[in-house]
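1. Any chance you could fold what I've pasted below:
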Amino acid sequence: MMKMRDGSLAQVLIVLVLMLSISGCASATTRIFPKENGDYMIVSSSYSESSAYDGALDDATDHCTKQGRAFVMVDEKSEYKGMDKDAKAAVSVASAIFGAATKDHGTQYQMRNATQSRDDNKVTMTFKCK
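-> Next up is the predicted model:
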């Protein structure tokens, strides 16, 4: 077992907090589709649910604003399609510890990225512009 220097736990915690905060900053990929009755459907995907939701909401609102109308949500559905969340958390912690202990941040980055995809979280909204 590897010995950790004094302060290593603090370094691991800092890295873990930074990783979690950065994951929420990911941008979303969105597409808007016209539906019948003047409704629209927007599909948004991202690394995090909040980014997917925010991307859908922002783009749908912009779509209506460009028409001089207000956004009205009709329906919303969120779906997680990524790696098992418990396994993903374990890999993230292991990569943070490994990176902090060995200072091998390249491998740490690769391990973290292997567990996530831009398609992990999908938000679908139906909306109107009134």
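
2. hey, where'd the helices end up in this structure?
-> In the chain, helices defined by DSSP state H lie at 8-23, 49-66, 85-102, 105-113, listed in chain order.

3. Give the residue spans of this protein that score low on pLDDT.
-> Per-residue confidence of the chain (counting by pLDDT under 70) places the weak regions at 1-26, 88, 98-117.

4. any idea how far Ala90 is from Thr30?
-> 31 Å (C-beta to C-beta, to the nearest Å). C-beta: built from backbone N, CA, C; applies to glycine.

5. Other residues contacting stretch 34-43?
-> With contacts defined as C-beta atoms under 8 Å, 6 or more residues apart in numbering, stretch 34-43 is touched by 30-33, 56, 59-60, 63, 74, 122-129.

6. From those, list the buried ones, please.
-> In these, burial by neighbour count holds for 30, 32, 56, 59-60, 63, 122-129, counting by 16 or more other C-beta atoms under 10 Å.

7. Max pairwise distance over those: which two?
-> Within those, two members stand farthest from each other by C-beta to C-beta: Lys122 and Cys129, at 22.5 Å.

8. Contacts only, for Met125.
-> Counting by C-beta under 8 Å, 6+ apart, Met125 makes contact with Met41, Ile42, Ser44, Ala56, Leu57, Ala60, Met73, Val74, Asp75, Glu76, Lys77.

9. For Gly82, see how far away it is.
-> Computed with C-beta to C-beta, the distance linking Met125 and Gly82 is 20 Å.

10. now do Arg69
-> Distance from Arg69 to Gly82, counting by C-beta to C-beta: 35 Å.
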